[in-house]
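Asks: Sharing a model prediction with you, sequence too.
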Amino acid sequence: MELTLYTRSYCHLCEDMHRALLPFQQRYGFALELVDVDSDPGLEQRFDELVPVLMAGEEEICHHFLDEDALARHFSRR
């Protein structure tokens, strides 16, 4: 299982969410891909004001802050 965290440089919310995900990554064993939205105009347009955004494929789990309940629900469906 792989999740994607859409971020941007110098974003304290992005850093906070990445740090908050680490214990969940150990618990659930998922790979986490970090993608800088500013590296791709399409991603920047899609996620600009929402970053950080945690996605599982095309499913948005949460944005701005880690929603632990939403993440737990995502893994309970697996």
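Replies: Yep, it's here.
Asks: Do you know the pLDDT at the residue of the chain most remote from its centre?
Replies: Distance from the C-alpha centroid of the chain peaks at residue 41, with 18.4 Å (Cα atoms, centre = their mean). Looking at residue 41, its pLDDT is 96.
Asks: shift numbering so it begins at 691
Replies: Will do, 691 is the new start, and the previous item becomes residue 731.
Asks: how far away is it from residue 746?
Replies: Applying Cβ to Cβ, to the nearest Å, the value for residue 731 to residue 746 is 24 Å. Placement of C-beta: from N, CA and C, glycine included.
Asks: Residue 693 now?
Replies: Counting by Cβ to Cβ, the gap from residue 693 to residue 746 is 5 Å.
Asks: Ok, residue 754 next?
Replies: Using Cβ to Cβ, residue 754 is found at 17 Å from residue 746.
Asks: what about the residue most central in space within the chain, helix or strand, and which?
Replies: The chain has residue 744 as the residue nearest its centroid, 2.2 Å off, counting by Cα atoms, centre = their mean. Per DSSP states H and E: residue 744 is located in strand 743-746.
Asks: Can you give me the buried ones in whichever helix or strand comes after that strand?
Replies: Scanning forward in sequence from strand 743-746 by DSSP H and E, the next helix or strand is strand 749-753. Neighbour counts over strand 749-753 (16 or more other Cβ atoms under 10 Å) mark 751, 752, 753 as buried.
Asks: Hmm, the second one is touching residue 745, no?
Replies: Think residue 752. No - using Cβ atoms under 8 Å, residue 752 is not in contact with residue 745; the gap is 9.3 Å.
Asks: quick one on the thing from earlier: could the buried residues of strand 749-753 be laid out in CSV, adding distance to residue 706 and pLDDT?
Replies: As requested, the buried residues of strand 749-753 are exported to CSV (distance: Cβ to Cβ, whole Å; pLDDT from 0 to 100):
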residue, distance to residue 706, pLDDT
751, 15, 97
752, 12, 98
753, 13, 97
